[in-house]
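**Student:** This is a predicted model, with the sequence first.
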Amino acid sequence: MKVYQLMNYYSPTGERNQNPYVPSLIDGISNLSDDVEWFHGVDFLWDDRVFDMDIIHTHWLSCINVSEVKRFRQRFKMIKERNIKIVATVHDLGKLYSKSEEENLFYTIVYSHADVFVHLGDYSKKLFERRYPNTQHVLIPHHVYDHEYPEIPNRKASLRRLHLSSRKKYVLCFGAFRDEEEQKMIDSLVAEVHKQGIEVLAPHYYTMKKWMNRYKRFKRWVKMRLRERQVPGLRIYGWAISHKLLPFFFGAADAVLIQRKKILNSGNLPMAFLMGKVCIGPNIGNVGGILTETGNSTFDPSSTASLCQAVYEGLRSAASGKGEQNREYALRHWSTDTISAEIYHLYRKVLATNGKGVE
């Protein structure tokens, strides 16, 4: 079977995509079966070989230039005329942080042609079943990157690696901060919990960009240091965290906090579970449902009091062993091998149907 993953598997410099979600599933399915021939890259969409595909699997559509909407719509019309199956994984409810209607049009076009929606949680599944009642919907959770991170450094080694005190408790906000509202929310949290000896690790509160020249990087560095003085208990690192350094941040943390005010899914949720950590997140989208179902703490993103309460609850449950329970749950239900097998069998079912949907 020929499967085209509509995404940039490699960066312009030839490096593998930093988001391991799709690459790790491709590896997992390839280990399971050798009857899948993979294709990827945005440019391939405009290649006539795309009409030889059996399945096109879509993910994040921000990889498409907004000027290509008309061409994109025509392309998918031609794809469907050839009865090529379209599988759409619902990562976002459109572009949550974008004001561009053109970007949302890409999702509308793909979703109107989809044969199957893959949902990472029950919230989006129920929502989309109402929006697209004639299309099939399946729930396949976000897998953990257990092949990429087979070993987890202990707390002592992690604290030493990051030069952190063992006398503090640490809450990790690993994801990039997307806007000032998220920063203000965490600033308010730190102002409260710092009194209790709790600090927030926010590696990507501000981020140094590769394209920045020396002067701009220096300005960003000064901005980071000033912010840390203004908000004692907030630790900013600024640089993109490498694959090798990532486990040490999770290893040092007592709990992981998803600092979103609006969200559907988060890769930091399964990552926290894999690393044996309690996960705290907003009670919205698939994130809220999964955390509630698994006994982790949630908060109202509009309330600092609710956020603080969730953090205190999360730290208490971490002290009683909830993090290790999360890890066991993740390896039992969300392993790469388990989820890869579910995706592979979905592909087989999609191709076994003559019309739309899964038998």
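**Tutor:** On my side now, so go ahead.

**Student:** Helices of the stretch 251-359 of the chain, residue ranges please.
**Tutor:** Taking DSSP state H, counting those that start in this stretch as the test, the helices found in the stretch 251-359 of the chain are 268-274, 285-293, 304-319, 322-333, 336-352.

**Student:** Can you give me the neighbour number for V3?
**Tutor:** 22 (other CB atoms under 10 Å). C-beta here means a position set from N, CA and C on the backbone, and glycine is covered the same way.

**Student:** buried set for the helix or strand harbouring it?
**Tutor:** Counting by DSSP states H and E, the element that carries V3 is strand 2-6. Within strand 2-6, the residues that count as buried by 16 or more other CB atoms under 10 Å are V3, Y4, Q5, L6.

**Student:** distance of the closest residue in space to the third one that isn't next to it in sequence from V138?
**Tutor:** Which is Q5. Excluding the flanking residues, the one nearest Q5 by CB to CB, 6 or more residues apart in numbering is H40, at 4.5 Å. Distance, H40 to V138, by CB to CB, to the nearest Å: 22 Å.

**Student:** Show me which of these two is the more surrounded one.
**Tutor:** H40 (19 against 16).

**Student:** quick one, what contacts the more buried one?
**Tutor:** Going by CB atoms under 8 Å, 6 or more residues apart in numbering, H40 touches Y4, Q5, L6, M7, N8, Y9, V22.

**Student:** And for H243?
**Tutor:** Per CB under 8 Å, 6+ apart, neighbours of H243: E148.

**Student:** Kindly report the same for H142.
**Tutor:** Y21, L120, N265, G267, L269, P270, W334, I339.

**Student:** For S266, see how far away D179 is.
**Tutor:** Taking CB to CB, one finds D179 at 16 Å from S266.

**Student:** With neighbour numbers in mind, choose between the two.
**Tutor:** S266 (25 against 10).

**Student:** Please look at the more buried one and R260 and confirm they touch.
**Tutor:** Yes: judged on CB atoms under 8 Å, S266 makes contact with R260 at a distance of 6.9 Å.

**Student:** Hmm, V190 is touching I236, no?
**Tutor:** No: when contacts are counted by CB under 8 Å, V190 is not listed as touching I236 (11.2 Å).

**Student:** Need the per-residue pLDDT for the residue nearest the centre of the chain.
**Tutor:** Centroid-nearest residue in the chain: G267, 2.9 Å away (criterion: CA atoms, centre = their mean). For G267, the pLDDT comes out at 96.

**Student:** how much space between the nearest residue to N286 once chain neighbours are set aside and I263?
**Tutor:** Excluding the flanking residues, the one nearest N286 by CB to CB, 6+ apart is G121, at 2.5 Å. Counting by CB to CB, the separation of G121 from I263 is 11 Å.

**Student:** which neighbours do the two share?
**Tutor:** Residues touching both G121 and I263 by CB under 8 Å, 6+ apart: G285, V287.

**Student:** Now do the helices in the stretch 101-250 of the chain.
**Tutor:** 101-113, 122-131, 155-162, 180-193, 214-230, 246-252.

**Student:** just checking, S166 touches L159?
**Tutor:** Yes: under the criterion of CB under 8 Å, S166 makes contact with L159 at 5.5 Å.

**Student:** surely S124 meets L264?
**Tutor:** Yes: under the criterion of CB under 8 Å, S124 makes contact with L264 at 6.0 Å.

**Student:** how about low-confidence regions in the stretch 251-359 of the chain?
**Tutor:** Residues of the stretch 251-359 of the chain meeting the criterion pLDDT under 70: 354-359.

**Student:** how about 90 then?
**Tutor:** Residue ranges of the stretch 251-359 of the chain with pLDDT under 90: 353-359.

**Student:** What of the stretch 1-150 of the chain?
**Tutor:** Residue ranges of the stretch 1-150 of the chain with pLDDT under 90: 7-19, 61-67, 92-105.

**Student:** Strands of that one, residue ranges please.
**Tutor:** Remark: strands assigned in the stretch 1-150 of the chain by DSSP state E, counting those that start in this stretch are 2-6, 37-40, 55-58, 85-90, 116-119, 136-139.

**Student:** Outline the domain layout of the protein.
**Tutor:** The chain breaks down into these domains under automatic domain parsing: 2-143+335-352, 155-333.

**Student:** Now do the shortest one: distance to the chain's middle.
**Tutor:** Once both centres are worked out by CA atoms, centre = their mean, to the nearest Å, domain 2-143+335-352 turns out to sit 15 Å from its chain's centre.

**Student:** Could I get the contacting residues of the residue nearest to the centre of the chain?
**Tutor:** G267 sits next to N19, Y21, H142 when contact means CB under 8 Å, 6+ apart.

**Student:** Name the nearest of these relative to V69.
**Tutor:** N19 (23.8 Å; CB to CB).

**Student:** Setting aside sequence neighbours, what's the nearest residue to that closest one?
**Tutor:** G267 (7.5 Å).

**Student:** how close does that neighbour sit to F177?
**Tutor:** With CB to CB as the criterion, G267 and F177 are 15 Å apart.

**Student:** List the contacts of the closest residue to H147 other than its chain neighbours.
**Tutor:** Computed as CB to CB, 6+ apart, the closest residue to H147 that is not its neighbour in sequence is T336, at 5.2 Å. Contacts for T336 (CB under 8 Å, 6+ apart) come out as S24, L25, D27, G28, H143, V144, Y145, D146, H147.

**Student:** Give the burial count for the residue nearest to the fourth one when sequence neighbours are not counted, as a bare number.
**Tutor:** Among residues not flanking G28 along the chain, S340 sits closest, at 2.9 Å (CB to CB, 6+ apart). Look at S340: counted by other CB under 10 Å, it has 22 neighbours.
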